[in-house]
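Participant: Structure of the sequence below:
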Amino acid sequence: KFSHVIFNQNQCRLESSSFHLALKKSLPLSHTVRREILRVSSLGSRRSCRSCTLTISASQISPHVHPSAAYIHLPFCRRKCHYCDFAIIATGERNQGHWEENMQRYVQTVIQEIQQTKVPPGSPPLSSVFLGGGTPSLVPPHLVALLLEALAQTFRMAPDAEISMEMDPGTFDRAQLDATLALGVNRVSLGVQSFDQAALDVCGRSHGVEQVREALGLVTRSRANWSLDLISSLPHQTVETWRDSLRQAIEANPHHISIYDLQIESSTAFGRRYTPGTAPLPTDSEAAEMYSLASSMLTHAGYDHYEVSNYAKEGFQCKHNLVYWRNQPYYAFGMAAASYVDRVRFTRPNKMGKYTEWVHNGATVAEDDVQREDSSSQEDEILDTLMLGLRLAEGLDVEQFENKFGDQVTRTVIDSLAAKGPRLVTMLDAHDVEVQNSDVKRIKKVRLTDPDGFLISNDIISTLFVDLS
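Facilitator: Here you go, the predicted structure:
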C-alpha cells in the first residue's frame, strides 16, 4: 500500500489514499485504485471520467491476450497483523496439525478451481506464478507441490518460469526451504517489514529481529533469488530508525527490495487506534522524507528504482509484478484472489465458506456479479494503461500509446503531463534525450521523476484523468 504527496505552495502534504497495491497480493487493481482516483478526479472536474467521450475507433482497442501469469492466495497466518486488511485466516501459534487438515481441504478446493478453468486454444504456458497470502510458508511443501502440479497440468509451465513464494521469518527452517526450492520455487519474497524490534511488536508481527536474522541466513545460503519487504511510516518510527532498517536491508544484499508506505485502513487495529499524519505516526514531512531516503540509499547501493515501491538489482525485477504494472492479463485462484482475464477483473469471495461454495457450484463469473468489473471499454483501457504505466520507471511508450488510442488522446496526455514541469515529469526522444517542450512527434517516452514525480504519482494521475474528461 502507498500514500501520495501533494505539493502545495512549496509545502508537501502526505495525503492518505485507500489505494491497494496488487503487486504482491493480486488485489483488484481497478476495483479499488481507479475508483478512488476517479472519485478524487471528479471532485475537481464535477464529472467522472466514466463519462468521457473519446474519439477512438473500435480497431484501436487491444485484442484479447491470453494470460501467462497466475496468482494463488494462501490465506493462512499465525495472527493478523495490526495494519492488515487482507483476507486471511489466523491459525494461532500452536496445534498446526489441526490446521494442516484445513489447509489440505483448502488446497483441494483451489485445485478444483484451477481444473475448472477454461484454457483457450493457443494459450501460452505460464511464465510467472506468485504464491501470496497470508503466509504461504505455513503451508507444508507437499501441499504446495499439489498446487504447482495442478497449474502445470492445466496451463503448462514455461521452462524458465519465475515461481515466487512469500515466506515469513520464523515460519520455515532449512529443511522446509530446501524442500520448497526443490519443487521449482525459484524466488523467495521475505516479509521482514522492519529490523526494529519495537516496530515489529507494535505491528503485531509474529516474528522478532532474531528470527529475521535466522531467515536471512537461510535464504542467503540457499543462493535463491530473493526479495525483502520493508514498511515505512510505522507508529513511533523516526527517520533515523528507518535509515537503520534500510542500512540493514542493504547489508543483507537481497536481489530485490519492496518498500511499502503504511496505509491506515479503518477495518484494522491500526485504523481503530491511529489517525494518519498524527502522533505516534510520523508527520507528513517525515513520511515524505522516508520515501526520498529509501530512493537515495537504495539507488546508491546499486538497486534500480524500477517501480514506485520496488527496487531491484540488474536482471532481478519481479516478472510477476511487471504483469500487473503493464496491465497484462493474469489468472488468480483462491479465496479473495482477483484475476484479470478477457478484460474482466473479478474478485473471488473473501470468506472460506462462500469461496468453497462458489467453486463447488462451478466457479462461474456471472454478468451481474458485484465482484466483476468489465474493463473492455475504450476509457477503461486508457485509464488503466496510464495509471499503471506511469508507476514504472520505464514510463509510458508514447508511440505505442498513440497507435492504440489515437492522436487526440495522446496529445491531451502529453499536454497534461508537460504542464507538471521537468521536476515531476521527464519526456524523452528516441535516443533517450530529454525533450524540453511537448512536441508529441519527438516524444517517445514519458515518465515520472524519482523521487519527486513518484512521490505525487497519484496526484499527477488524478489531474491527468480530469484533463481527459
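Participant: what's the weakest-modelled helix or strand in this protein?
Facilitator: Of all helical and strand segments in the chain, the minimum by mean pLDDT, DSSP states H and E falls on strand 11-15, at a mean of 28.
Participant: what helix or strand does M290 sit in?
Facilitator: Assignment of secondary structure by DSSP states H and E places M290 within helix 284-300.
Participant: can you check S245 too?
Facilitator: Here S245 sits within helix 239-252, counting by DSSP H and E.
Participant: and that helix, what other elements does it pack with?
Facilitator: strand 225-232, helix 284-300 (3 or more C-beta pairs under 8 Å, 6 or more residues apart in numbering; DSSP states H and E). C-beta here means a position set from N, CA and C on the backbone, and glycine is covered the same way.
Participant: phi, psi of G132?
Facilitator: G132 adopts backbone torsions of phi -120, psi 180, taken as degrees, to the nearest 10.
Participant: And for it, the neighbour number?
Facilitator: 25 (other C-beta atoms under 10 Å).
Participant: Show me what it is bridged to.
Facilitator: On the basis of DSSP bridges, G132 is bridged to H73.
Participant: My understanding was that F316 contacts W226; is that so?
Facilitator: No - in this structure, F316 is not within contact of W226 by C-beta atoms under 8 Å, at 9.3 Å.
Participant: List the residues that contact S127.
Facilitator: By C-beta atoms under 8 Å, 6 or more residues apart in numbering, the contact set of S127 is 68-69, 158, 160-162, 319.
Participant: Tell me which entries of those residues lie within strands.
Facilitator: In this view, those that belong to strands under DSSP state E are 69, 158, 160-162.
Participant: what's the farthest-apart pair in those residues?
Facilitator: A69 and D160 (13.5 Å; C-beta to C-beta).
Participant: More neighbours: the two, which one.
Facilitator: A69 (26 against 8).
Participant: quick one, what contacts that one?
Facilitator: Neighbours of A69 in contact, by C-beta under 8 Å, 6+ apart: 126-130, 319-320, 323, 328-331.
Participant: hmm, which of those are the buried ones?
Facilitator: Those of the contacts of A69 that meet the buried threshold are 126-130, 319-320, 323, 329-331, by 16 or more other C-beta atoms under 10 Å.
Participant: Distance check, L143 against A337.
Facilitator: According to C-beta to C-beta, to the nearest Å, L143 and A337 sit 17 Å apart.
Participant: hmm, I was thinking of G406
Facilitator: 35 Å.
Participant: Give me the pLDDT for D384.
Facilitator: At D384, the model reports a pLDDT of 87.
Participant: can you pull the pLDDT of the residue nearest to it when sequence neighbours are not counted?
Facilitator: Excluding its sequence neighbours, the residue lying closest to D384 (C-beta to C-beta, 6 or more residues apart in numbering) is N327, at 4.9 Å. Note on N327: pLDDT of 88.
Participant: Any chance of the backbone angles for N327?
Facilitator: Main-chain dihedrals, N327, degrees, to the nearest 10: phi 60, psi 40.
Participant: Might one say that it is in contact with L386?
Facilitator: No - in terms of C-beta under 8 Å, N327 does not count as a neighbour of L386; the distance is 9.5 Å.
Participant: number of nearby residues for L262?
Facilitator: Neighbour tally, L262, other C-beta under 10 Å: 25.
Participant: quick one: the closest residue to it other than its chain neighbours and R372, what's the gap?
Facilitator: Ranked by C-beta to C-beta, 6+ apart and with sequence neighbours excluded, the top spatial neighbour of L262 is S233, at 4.3 Å. In this view, S233 and R372 are 34 Å apart by C-beta to C-beta.
Participant: now the stretch 251-400 of the chain, which segments are flagged as low pLDDT?
Facilitator: Across the stretch 251-400 of the chain, the ranges flagged by pLDDT under 70 are 367-370, 375-376.
Participant: what about the helices in it?
Facilitator: 269-273, 284-300, 319-325, 352-360, 378-389, 398-405 (DSSP state H, counting those that start in this stretch).
Participant: Tell me the buried residues in the last one?
Facilitator: Which is helix 398-405. Buried-residue list, helix 398-405, by 16+ other C-beta under 10 Å: 398, 401-402, 404-405.
Participant: nearest to E210, of these?
Facilitator: Nearest to E210 among the buried residues of helix 398-405, with distances taken as C-beta to C-beta, is F401, at 49.6 Å.
Participant: List the residues that contact the nearest residue to that closest one once chain neighbours are set aside.
Facilitator: Using C-beta to C-beta, 6+ apart and skipping residues adjacent in sequence, the residue nearest F401 is T410, 5.8 Å away. Residues near T410 by C-beta under 8 Å, 6+ apart: 398, 401-402, 440.
Participant: helix or strand for T410, which one?
Facilitator: helix 407-418.
Participant: helices or strands next to the following helix or strand past that helix in the packing?
Facilitator: Sequence order places strand 425-428 as the next helix or strand after helix 407-418, per DSSP H and E. Secondary-structure packing of strand 425-428 (3+ C-beta pairs under 8 Å, 6+ apart): helix 407-418, strand 445-448.
Participant: Identify the residues contacting strand 425-428?
Facilitator: With C-beta under 8 Å, 6+ apart as the criterion, strand 425-428 contacts 395, 414, 417-418, 434-435, 438, 443-449, 453, 460.
Participant: Chain neighbours aside, what residue packs nearest to L143?
Facilitator: Counting by C-beta to C-beta, 6+ apart, the residue nearest L143 is V107, at 4.7 Å.
Participant: Also I89?
Facilitator: Per C-beta to C-beta, 6+ apart, closest to I89 is P75, 4.9 Å.
Participant: cool, K351 as well?
Facilitator: Closest residue to K351 apart from its sequence neighbours, by C-beta to C-beta, 6+ apart: M335 at 7.3 Å.
Participant: From the contact counts, what lies against the lengthiest helix in the chain?
Facilitator: Longest helix in the chain, counting residues (DSSP state H): helix 96-116. Under the contact criterion of 3+ C-beta pairs under 8 Å, 6+ apart, helix 96-116 touches strand 76-77, helix 141-155, strand 331-333, helix 352-360.
Participant: Packed most tightly, which of the ones you listed would that be?
Facilitator: strand 331-333 (a mean of 26; mean count of other C-beta atoms under 10 Å).
Participant: I'd like to know which elements that one is packed against.
Facilitator: strand 69-74, helix 96-116, strand 338-341.
Participant: what's near enough to touch the residue lying closest to Q112 once chain neighbours are set aside?
Facilitator: Excluding its sequence neighbours, the residue lying closest to Q112 (C-beta to C-beta, 6+ apart) is V359, at 5.4 Å. With contact taken as C-beta under 8 Å, 6+ apart, V359 is in contact with 109-110, 112-113, 116.
Participant: and what of T356?
Facilitator: Here T356 is in contact with T109 (criterion: C-beta under 8 Å, 6+ apart).
Participant: cool, and A301?
Facilitator: Here A301 is in contact with I250 (C-beta under 8 Å, 6+ apart).
Participant: separation between it and R156?
Facilitator: 38 Å.
Participant: Burial check on the closest residue to W358 other than its chain neighbours, number of neighbours?
Facilitator: Spatial nearest neighbour of W358, excluding adjacent residues (C-beta to C-beta, 6+ apart): P349 at 5.3 Å. For P349, the count of nearby residues is 16 (other C-beta under 10 Å).
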